[in-house]
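can't give you the sequence, but here's the structure:
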């Protein structure tokens, strides 16, 4: 069972939980009806997730793993 969070519903979820799970109005929660307690997990769109595959194709060709990490994360502190 799923539910879409409204601004009013967010008021009932403690702020630390909202921040940790990045819940906002419009977020979708999946409820586990088999759990003996209230259990909900945020869902995500598989299409949105798959749409980012390949966006950097060819951009990092020939880089070592250390060079890739430096290029994507910045230089490591020694």
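Thanks, I have it. Everything quoted here is computed from the prediction, not taken from an experiment.

rest of the way, CA atoms for contacts and neighbours
Noted.

check the offset of the helix or strand of the chain with the lowest mean pLDDT from the chain's centre.
Confidence across the helices and strands of the chain bottoms out at helix 46-50, with a mean of 80, counting by mean pLDDT, DSSP states H and E. Helix 46-50 has its C-alpha centroid displaced from the chain centroid by 11 Å (CA atoms, centre = their mean, to the nearest Å).

C-terminal to that helix, what's the next element?
helix 65-73 (DSSP states H and E).

now that following helix: mean pLDDT?
Across helix 65-73, pLDDT averages out at 83.

okay, buried residues for it please.
In terms of neighbour count (16 or more other CA atoms under 10 Å), helix 65-73 has no buried residues at all.

quick one: low-confidence parts of the chain?
75-76, 78 (pLDDT under 70).

ok, residue 5 to residue 56 distance?
33 Å (CA to CA, to the nearest Å).

so which of the two has more stuff around it?
The neighbour count for residue 5 versus residue 56, taken as other CA atoms under 10 Å, is higher for residue 5 (15 against 9).

surely the more buried one and residue 29 touch.
Yes - if you go by CA atoms under 8 Å, residue 5 and residue 29 touch, sitting 7.4 Å apart.

for residue 19, give its distance to residue 10.
Counting by CA to CA - residue 19 and residue 10 are separated by 11 Å.

so for these two, which sits in the more crowded spot?
residue 10 (16 against 10).

which ones are touching that one?
Neighbouring residues of residue 10 by CA atoms under 8 Å, 6 or more residues apart in numbering: 18, 24, 25.

looking at this, the second one is in a strand?
No - the assignment for residue 24 (DSSP: H, G, I helix; E, B strand; the rest coil) gives coil, which keeps it out of a strand.

could I get the phi/psi values of residue 45?
The phi/psi pair for residue 45 (degrees, to the nearest 10) reads phi -90, psi 120.

export the contacts of residue 10 to CSV and tack on distance to residue 71 and neighbour count?
Below are the contacts of residue 10 laid out as CSV (distance: CA to CA, whole Å; neighbours: other CA atoms under 10 Å):
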residue, distance to residue 71, neighbour count
18, 32, 14
24, 32, 15
25, 35, 12
